[in-house]
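> Build me a model:
(2 chains)
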Amino acid sequence: MSWRRYLAVARKELTHVLRDPRALGISIGLPMLLLLLFGVALTLDVDQVPMVVWDQSQTPASRALIADFSGSPYFSDMGAASSYRQIERQIDHNRALIALVVPVDFARRVASGRTAQVQAIVDGSDANTASIVVGYADAIVARYNQRLSLALAQRTLGRNLPLPLDLRSRVWFNTEMESKNFIVPGLIAVIMMLIAALLTSLTIAREWETGTMEQLISTPVKATELVLGKLTPYFVIGMIDMVVSVVLGRFLFHVPLRGDLGLLLLASTIFLVGSLAMGLEISVMTKNQLLASQVALMATFLPAFLLSGFMFPIENMPRVLQLVTYLVPARYFITVLRDLFLKGVGWSVVWGDIVFLAAFAALMLGIALKKFHKRLD
Amino acid sequence: MNGSPPAAVTLRDLEKRFGSFVAVNRISLEVAKGEIFGFLGPNGAGKSTTIRMLCGLLAPTSGSATVVGLDVATEAEKIKSQIGYMSQKFSLYEDLTVEENIDFYAGIYRIPHKLKEQRKRWVLEMAHLEEQRGTATALLPGGWKQRLSLGCALLHEPPVLFLDEPTSGVDPISRRSFWELIYEKADEGVTVFVTTHYMEEAEYCDRLALIFRGELIAVGTPGELKRRLMRDAVLAVSSSDSQGLLAALEGQGNLKDVAVFGADLHVVASKAQQAEETVRRRAREAAIELHSIEVITPSLEDVFVSLIEEREEAERPLAEVKS
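Numbers count the residues shown, from 1 in each chain, chains lettered A, B, ... in the order given. This next block holds a predicted model:
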């Protein structure tokens, strides 16, 4: 490999990028835009669930229960209903996710120590949200029950009754249990993979389409010089994207960054080289810009989004899919990013994932080099 | 070939097939060092395929070829540092400036830093692009682009230059100045292998090969090729209706060939006298007014048209038997 030729290719490629402000804008602006859009829109947190109430009882007791609901951050009272028909309409129009029906004899039954039944109607279209909502409702009712029982015990026994069991939970790493802390690091990995592969997927295909490749392969330039030379300027752009994403994640989304920055840089470098090489490989094989960009999009975004553990926990997937996820490089990068952002762990924990990323990078570079022939046929 | 300088380019039964299509059919020839060798033929005859095999861009199906003594099948990468190649389509980077393109290829050919400025100056001067060195290549007129391509192909002073239709789409004046550059390089000992379908350009070549449907039909100097047809006479016929006259002369036994040549007809026959009488008679019968009939020295185009027709004549019965 000649240093001179490598530099000539890298410099030429950089000039192409700098001369095309639109492409440059896309390569820096698109990842920021994606991060902002997804970062703001994608949330797994369920709160302020809209609720309608049909209070048939209209007593202090029923109002106390309803206040427990609407006073919590999980539910917001969207008004009263006075018939099942009204409840149905509110749920149909997505104005309410849950309806609470307090029966006429509620206060009477509670006062007389007989079990009172309160109905909760939940929109189950989104099963995940529905089960969280039911969980919230259960918890609020349980607390209401507990308060009643304790009050009853105090009245009958004349003293406070100790609770038999008290769970004290302590959440680590993501203390506020905010889903953005979980999503943003994963999002950075997904976006970086997509952008990196897209950036390079066009470069070799473009030269085949415009005919400049025919001239280039009639010279003594070597595949290594061409592939590495083309990779270099996009690596610089990718690293800029990476830094911008991390800064946005840290200061705009307030995701804690607890890990070693050097380790983050190392993992990003390896991941970026692999993804860029994958784009080049696609470019080498398709020789067509449109096809190359579509293949790059499909080959990076879908697996990175669906099979990396970004949104859907790998442990919950069918066994076969779980095995497939081992082939998705974003999986390892997401693990490393989450570990570094939230847990602040060191090399001893992330080295395994970094080894997998390095293997991926080596494989992609190897294929790109092997598949590039200085021949027209 | 004892005593003659070693050949710069040799082809031995060189063949290229794409599937069942034979693009180049077992061509053999030699090009001497410092020669301007023209490869002439209609579009799709196999000219570009041959030149691409010689540049190491396509692998031959069978046969062999060497460039400066290196085998195209096994030593293609070594050949690539010894040649300059200009493909049919303009293939420098349009978004880069003239100077950036030169710098890029100077890097690719690893021109020593000491020499680089000197070579760059030479290219800019040769291509008359000193003033445009900072201009984006896309903005240059066609002829200027060709000169820049030639300059980049010559940057590393290769002993052999392959030019694939270097002047297609270029105005006649630029074409002439382009050929002056080629002569200059040939005088310096550079071997030039050039394809073209311009007959006037063929006349500039030291030797010519005519290729038709992948086959080599004739090789020789322009003079030799013309003399070969001297046995027959060529009449230039100017009339009021060349197309009509062409139809009227169809199937006349004593005329070997009639072809449109510019606004005139060229008639090939073994006996000039007899042919002239036939033309006059048929023109009278078809009521076409004749302006002039004269016996002329055949041009290269006459030679090629008649060679191609001879070939088609010879192949016809064979093709009929086959089908």
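> domain assignment for chain B?
Here the domain assignment for chain B is B:9-221, B:227-322, based on automatic domain parsing.
> near chain A at all, the longest one?
Yes - interface with chain A: domain B:9-221 contributes B:18, B:52, B:55-59, B:76-77, B:80-81, B:83, B:85, B:87, B:89-96, B:100, B:103-110 (CB under 8 Å from any CB of the partner chain). Just so you know, the C-beta spots here come from the backbone N, C-alpha and C atoms, and that holds for glycine as well.
> rewinding a little: out of the domains of chain B, which one sits most buried?
A comparison of those by mean neighbour count, using mean count of other CB atoms under 10 Å in any protein chain shown, puts domain B:9-221 on top with a mean of 19.
> Please compute how far that one lies from its chain's middle.
Chain-centre distance of domain B:9-221: 11 Å, with CA atoms, centre = their mean, to the nearest Å.
> average pLDDT for it?
Computed over domain B:9-221, the mean pLDDT rounds to 93.
> if we can go back for a sec, which of the residues of domain B:9-221 next to chain A fall in strands?
Counting by DSSP state E, the part of the residues of domain B:9-221 next to chain A found in strands is B:Phe18, B:Ile83, B:Tyr85.
> what bridges to the second one?
The reference is to B:Ile83. Beta bridges link B:Ile83 to B:Val160 when assigned by DSSP bridges.
> show me what contacts it?
A:Ser218, B:Cys55, B:Val67, B:Pro158, B:Pro159, B:Val160, B:Leu161, B:Phe162 (CB atoms under 8 Å, 6 or more residues apart in numbering or on different chains).
> before we move on, back to that, if we take the ones in strands among the residues of domain B:9-221 next to chain A, which one ends up nearest to chain A?
Sorting those by distance to chain A puts B:Tyr85 at the head of the list, at 4.0 Å, by CB to the nearest CB.
> Okay, that closest one and B:Ala106: tell me how far apart.
Distance from B:Tyr85 to B:Ala106, counting by CB to CB, to the nearest Å: 16 Å.
> Also A:Ala99?
On the measure of CB to CB, A:Ala99 and B:Ala106 end up 77 Å apart.
> One more: A:Leu290?
Distance from A:Leu290 to B:Ala106, by CB to CB: 33 Å.
> Which one of the contacts of B:Ile83 is nearest to B:Glu180?
Set against B:Glu180, the nearest of these by CB to CB is B:Leu161 (14.5 Å).
> check contacts around that closest one.
Per CB under 8 Å, 6+ apart, neighbours of B:Leu161: B:Ile83, B:Gly84, B:Tyr85, B:Met86, B:Ala153, B:Leu154, B:Ile182, B:Lys185, B:Val190, B:Thr191, B:Val192, B:Phe193.
> Chain A - how does it break down into domains?
Domain ranges of chain A: A:3-43+A:178-376, A:49-157, per automatic domain parsing.
> Quick check: nearest residue in space to B:Pro222, chain neighbours excluded?
B:Glu203 (5.4 Å; CB to CB, 6 or more residues apart in numbering or on different chains).
> With B:Lys33 instead?
B:Ala8 (4.5 Å).
> Just give the closest residue to whatever residue of chain A ends up closest to chain B, not the sequence neighbours.
Nearest residue of chain A to chain B: A:Ala8, at 2.6 Å (CB to the nearest CB). Nearest residue to A:Ala8, sequence neighbours excluded (CB to CB, 6+ apart): B:Gly107, at 2.6 Å.
> neighbours around A:Gln322, how many?
Residues lying near A:Gln322 (other CB atoms under 10 Å in any protein chain shown) number 13.
> from what I can see it touches A:Asn316, true?
No - if you go by CB atoms under 8 Å, A:Gln322 and A:Asn316 don't touch, sitting 9.2 Å apart.
> residue in chain B nearest to chain A?
Closest point on chain B to chain A, by CB to the nearest CB, is B:Gly107, at 2.6 Å.
> Could you pull up the residues touching B:Thr49?
By CB under 8 Å, 6+ apart, the neighbours of B:Thr49 are B:Lys16, B:Ala23, B:Val24, B:Leu58, B:Gly214.
> So it versus B:Leu14, what's the distance?
B:Thr49 sits 10 Å away from B:Leu14, going by CB to CB.
> Overlap in contacts, these two.
Both B:Thr49 and B:Leu14 are contacted by B:Val24, under the criterion CB under 8 Å, 6+ apart.
> Quick check: A:Ala130 touching A:Val122?
Yes - look at A:Ala130 against A:Val122 with CB under 8 Å: they come within range, at 5.1 Å.
> pLDDT below threshold where in the stretch 201-350 of chain A?
Along the stretch 201-350 of chain A, no part satisfies pLDDT under 70.
> now the helices: where do they sit in it?
Here the stretch 201-350 of chain A has its helices, by DSSP state H, counting those that start in this stretch, at A:203-210, A:212-216, A:223-251, A:261-286, A:289-306, A:319-325, A:329-338, A:347-371.
> elements contacting the third one?
The one in question is helix A:223-251. In this structure, helix A:223-251 packs against helix A:3-19, helix A:21-41, helix A:179-201, helix A:203-210, helix A:261-286, helix A:347-371, with contacts taken as 3 or more CB pairs under 8 Å, 6 or more residues apart in numbering or on different chains; DSSP states H and E.
> Quick one: these as a markdown table, columns for mean neighbour count too.
Shown next, in a markdown table, are these (neighbours: other CB atoms under 10 Å in any protein chain shown):
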| stretch | mean neighbour count |
| --- | --- |
| helix A:3-19 | 18 |
| helix A:21-41 | 15 |
| helix A:179-201 | 25 |
| helix A:203-210 | 21 |
| helix A:261-286 | 23 |
| helix A:347-371 | 17 |
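> Quick one: name the residues of the stretch 101-250 of chain A near chain B.
A:Thr210, A:Gly211, A:Thr212, A:Met213, A:Glu214, A:Gln215, A:Leu216, A:Ile217, A:Ser218, A:Thr219, A:Pro220, A:Val221.
> picking that back up, out of the contacts of B:Thr49, which two sit at the greatest distance?
Between any two of the contacts of B:Thr49, the greatest separation by CB to CB is 13.4 Å, found for B:Leu58 and B:Gly214.
> Three-state assignment for B:Glu131, please.
Three-state call for B:Glu131 (DSSP: H, G, I helix; E, B strand; the rest coil): coil.
> Give the full set of residues in contact with it.
With CB under 8 Å, 6+ apart, B:Glu131 has no contacts at all.
> how far away is it from B:Phe18?
Counting by CB to CB - B:Glu131 and B:Phe18 are separated by 44 Å.
> Quick one: neighbours of the residue nearest to A:Ala116 when sequence neighbours are not counted, just the number.
Distance criterion CB to CB, 6+ apart; nearest residue to A:Ala116, sequence neighbours excluded, is A:Arg109 at 3.9 Å. If you count neighbours by other CB under 10 Å, A:Arg109 ends up with 16.
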